[in-house]
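Colleague: predicted coordinates and the sequence they were generated for:
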Amino acid sequence: MTRLIEVVIDDREPDEFVSLFKDAGAESVRVERLKVGDFVVNNRWVFERKTLNDLCVSLVDGRLFKQTMNMMKAFASPVLILQGGVHEAGTIRVRREAIQGALITISVFFNMPVLRALDAPEVVRLIAYTVTQEGRFNKGPAHRFGYRPKRRKARQLYILQGLPGVGRFKAERLLERFGSIQNVVTAEENALSEVEGIGKESAKRIREILS
């Protein structure tokens, strides 16, 4: 079963997260300035934590979707965690429809998971549970239910998104770089790591799966 091994916390996050992650069983916890996200876990996941007030502020000042794009280009799989309830929205006046539209854009069109947490301890529990669930999921074949694209390129992208840490953006870059799924499958680790958004760690995981 996959465990919390290494957690890197952005130095702008509250100090309580250090002890929370240690209590959750993380073997290594360190604090440093992160270019993307608030928590990098096992060099595999990058989590962005936002309170509803943070979400509203970043939506109003135009940072939200820029942050989302940067997350999608990260070397690790991105997840947004929305912490707290409506009472934490502060004085920022943003219509409920605008918030819902932003979350739909992030989760449906950017294909980034959005999780909800009540407070900081639950944020850490969700992250730990995500890591645990990945270990359970990887024990068996990966089943993806529901939508099955019909067009050739859409099918190719759909297949590539089944690789570890590959979302829509990275799948498009892989297909653009190598031209076909077959070429991706046979590509060397170094060649994969040169693709925008992939990097060495993702390339290593992809090669492990494909081999």
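Modeller: Perfect, thanks for sending it.
Colleague: roughly how far does Asn183 sit from Lys35?
Modeller: 30 Å (CB to CB, to the nearest Å). (C-beta placed from N, C-alpha, C; glycine too.)
Colleague: when those two are compared, which one has more neighbours?
Modeller: Neighbour comparison, Asn183 and Lys35: the larger count goes to Asn183, with 13 against 9 (by other CB atoms under 10 Å).
Colleague: separation between Met112 and Asp23?
Modeller: Using CB to CB, Met112 is found at 27 Å from Asp23.
Colleague: how about Ala74?
Modeller: Taking CB to CB, one finds Ala74 at 26 Å from Asp23.
Colleague: the more surrounded of those two?
Modeller: A side-by-side neighbour count of Ala74 and Asp23, using other CB under 10 Å, places Ala74 first with 23 against 11.
Colleague: so who does the more buried one touch?
Modeller: Val36, Gly37, Val46, Gly197 (CB atoms under 8 Å, 6 or more residues apart in numbering).
Colleague: try it again at 10 Å.
Modeller: Applying CB atoms under 10 Å, 6 or more residues apart in numbering to Ala74 gives the contacts 34-37, 40, 45-46, 48, 165, 167, 169-170, 197, 199, 202.
Colleague: most neighbours, which of those?
Modeller: In terms of neighbours by other CB under 10 Å, the contacts of Ala74 top out with Lys170 at 26 neighbours.
Colleague: residues contacting that residue?
Modeller: By CB under 10 Å, 6+ apart, the contact list for Lys170 reads 72-75, 77, 157, 160-161, 163, 195-199, 202, 206.
Colleague: tell me how far the spatially closest residue to Ala76 that is not a sequence neighbour lies from Asp10.
Modeller: Nearest non-adjacent residue to Ala76, counting by CB to CB, 6 or more residues apart in numbering: Val46, 4.3 Å away. Applying CB to CB, the value for Val46 to Asp10 is 10 Å.
Colleague: what's the overlap in contacts for those two?
Modeller: What both Val46 and Asp10 touch, as defined by CB under 10 Å, 6+ apart, is the set Leu34, Lys35, Val36, Gly37, Asp38, Phe39, Val40.
Colleague: okay, and which of the residues you listed map to strands?
Modeller: Phe39, Val40 (DSSP state E).
Colleague: over to Phe47. Which of the three states is it?
Modeller: Recorded secondary structure, Phe47: strand (DSSP: H, G, I helix; E, B strand; the rest coil).
Colleague: please consider this matter closed, and thank you.
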